[in-house]
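J.: Turn this into a model:
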Amino acid sequence: MKQTKMTMPAHTVAQPLLWLIACSLVAIHTTPAASQVTAEAAPPATEAKSKSKFLRMRNDAKGTPVAMQTSIARYRPTDGDVIVDLIGAVHIGEAEYYRTLNRQFDLYDVVLYELVAPQGTRVPKGGKKESTGSPLDMISWLQRQAQATLGLESQLEKVDYQKQHFVHADLSPTEMGQKMAERGDNALTVGLTAVAEMMRKQNKISNASGKNGVAQLTGADLMDMLDEPLELKKMMAQQFAVSGVMEEGLGDTLNQLLISDRNAAAMKVLQKQIVSGKKKIAVFYGAAHMPDFEKRMASDLGLKPTKHVWIDAWDLTKAGKSPLKGGASGLMLQMMKGLSK
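T.: Numbers count the residues shown, from 1 in each chain. Prediction:
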């Protein structure tokens with residue numbers, strides 16, 4: 001079959017790629033002033049007119065954003081003593097954020113964690129640093145660049161996955177490939193469709209700019225702000241906090257592959273843990289997974305939300321250094337910056 005060569009303007013490729021940087025921080029985890037949060041003492045969740053939020057901004061007395069927060073949301077049955085806490089995460093955060101989470105994990109019978117890796121994989125102490133040869137290595141690279149620029153730490157390096165009550169609850173790369181094949185997809189079709197979907201989403205966001213009072217972040221914006229890490233950090237935090245922005249930003253194809261398929265796998269592990277007699281369970285996944293998990297708590301298990309606790313994940317008063325100063329990574333980012341114009 002004769003292949004048709006396809007070309008796109010450079011900026012149409014760069015914008016979705018840069019949006020993927022933002023999405024990767026709360027949705028995709030690959031093999032690569034807080035005190036202990038006692039969920040028992042958490043305030044009751046406020047009644048919500050729509051779905052719960054799992055990311056928000058914390059402002060000071062003057063209304064200036066000073067932190068981005070993630071939540072611990074508790075779910076319980078009408079009758080019974082099972083507790084399931086959804087612990088939403090960002091995959092890079094402040095060192096104190098991960099210290100707080102490590103203390104929190106000790107309160108559970110079992111902690112189910114995400115990791116796109118072979119079944120039963122346990123992250124070595126300090127994180128897994130070698131390349132896996134997976135297409136998701138690009139996402140890991142993007143996360144590392146964002147980590148250095150924003151002055152944040154890696155979840156894989158700071159969370160103690162060696163605890164005996166940690167249980168892997170995710171798909172392997174092979175299983176993700178099988179899910180794609182079942183839908184008639186492969187890496188190429190998923191990639192092309194995902195780029196088109198993210199472009200459409202970004203066009204809609206741009207057209208609706210200003211309606212929610214939050215400036216819209218494009219690929220060009222991200223690149224221009226690499227020389228101003230603190231401003232970039234604040235802007236990205238604002239984007240994360242906009243209701244639904246991360247699920248919408250991924251698009252239907254990536255949402256199915258990176259959220260729905262993996263959440264379904266995690267729910268099977270959760271059900272097994274409940275059947276085995278575990279009473280207090282944490283599901284530790286990226287914050288973008290949580291709206292879908294919340295739906296499954298109700299539909300699959302009949303659990304209802306009862307409490308919310310908020311933890312500072314990003315300190316919006318400090319950041320790292322610009323990544324554009326030399327080296328292979330700096331050169332690549334400079335090229336991306338040029339493409340985004």
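
J.: Residue 108: neighbour count?
T.: When neighbours are defined as other C-beta atoms under 10 Å, residue 108 has 23 of them. In this view, the C-beta of every residue, glycine as well, is placed from N, C-alpha and C.

J.: quick one: contacts for it?
T.: Residues near residue 108 by C-beta atoms under 8 Å, 6 or more residues apart in numbering: 85, 165, 280-282.

J.: try 6 Å this time
T.: By C-beta atoms under 6 Å, 6 or more residues apart in numbering, the contact set of residue 108 is 280, 282.

J.: sec struct for it, please.
T.: Following DSSP: H, G, I helix; E, B strand; the rest coil, we place residue 108 in the coil state.

J.: What separation do you get for it and residue 282?
T.: Residue 108 sits 5 Å away from residue 282, going by C-beta to C-beta, to the nearest Å.

J.: For the nearest residue to residue 315 once chain neighbours are set aside, grab phi and psi.
T.: Spatial nearest neighbour of residue 315, chain neighbours left out: residue 94 (5.4 Å); criterion: C-beta to C-beta, 6 or more residues apart in numbering. Torsion angles at residue 94 (phi, psi; degrees, to the nearest 10) stand at phi -70, psi 150.

J.: And residue 94, what's its pLDDT?
T.: pLDDT recorded at residue 94 is 95.

J.: ok, it to residue 146 distance?
T.: Counting by C-beta to C-beta - residue 94 and residue 146 are separated by 14 Å.

J.: What of residue 168?
T.: Distance from residue 168 to residue 146, by C-beta to C-beta: 25 Å.

J.: for residue 153, same thing?
T.: Distance, residue 153 to residue 146, using C-beta to C-beta: 12 Å.

J.: who has more neighbours, these two?
T.: Counted by other C-beta under 10 Å, residue 153 and residue 146 do not tie: residue 146 has more neighbours, with 23 against 18.

J.: just checking, that one is part of a helix?
T.: Yes - under three-state DSSP, residue 146 falls within a helix.

J.: Please tell me how far it sits from residue 259.
T.: In terms of C-beta to C-beta, residue 146 sits 20 Å off from residue 259.

J.: Residue 231 too?
T.: Taken as C-beta to C-beta, the span from residue 231 to residue 259 is 29 Å.

J.: And for residue 74?
T.: 21 Å.

J.: repeat for residue 312
T.: Counting by C-beta to C-beta - residue 312 and residue 259 are separated by 25 Å.

J.: For residue 309, list each beta-bridge partner.
T.: Here residue 309 sits in beta bridges with residue 72, going by DSSP bridges.

J.: Name the residues of stretch 304-321 that are buried.
T.: Judged by neighbour count (16 or more other C-beta atoms under 10 Å), stretch 304-321 contains these buried residues: 305, 307-316, 319-320.

J.: for the record, mean pLDDT for stretch 300-312?
T.: Stretch 300-312 comes out with an average pLDDT of 94.

J.: Output it as CSV, restricted to C-alpha atoms.
T.: Taking Å, rounded to 0.1, in the frame of the first residue of the first chain, the C-alpha atoms of stretch 300-312 are listed here in CSV:
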residue,chain,number,x,y,z
ASP,A,300,-19.2,-0.4,41.4
LEU,A,301,-19.1,-0.4,45.2
GLY,A,302,-22.0,1.7,46.4
LEU,A,303,-19.7,4.1,48.3
LYS,A,304,-20.5,7.7,49.0
PRO,A,305,-18.1,10.7,49.7
THR,A,306,-18.0,11.7,53.3
LYS,A,307,-14.8,13.8,53.9
HIS,A,308,-12.2,15.9,52.1
VAL,A,309,-8.7,16.9,53.4
TRP,A,310,-6.5,19.3,51.5
ILE,A,311,-2.7,19.2,51.3
ASP,A,312,-0.2,21.8,49.9
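
J.: Tell me the buried residues in stretch 270-284?
T.: 270, 273-274, 278, 281-284.

J.: What pLDDT does the model give residue 341?
T.: Listed pLDDT for residue 341 reads 50.

J.: Likewise for residue 176?
T.: 80.

J.: how about it, secondary structure?
T.: Assigned by three-state DSSP, the conformation of residue 176 is helix.

J.: Can you get me a residue count around it?
T.: By other C-beta under 10 Å, the residues close to residue 176 number 21.

J.: And it, how close does it get to residue 255?
T.: From residue 176 to residue 255 the distance is 14 Å (C-beta to C-beta).

J.: go on, residue 57?
T.: As defined by C-beta to C-beta, residue 57 lies at a distance of 24 Å from residue 255.

J.: Residue 149 too?
T.: 26 Å.

J.: Perfect, that will be all.
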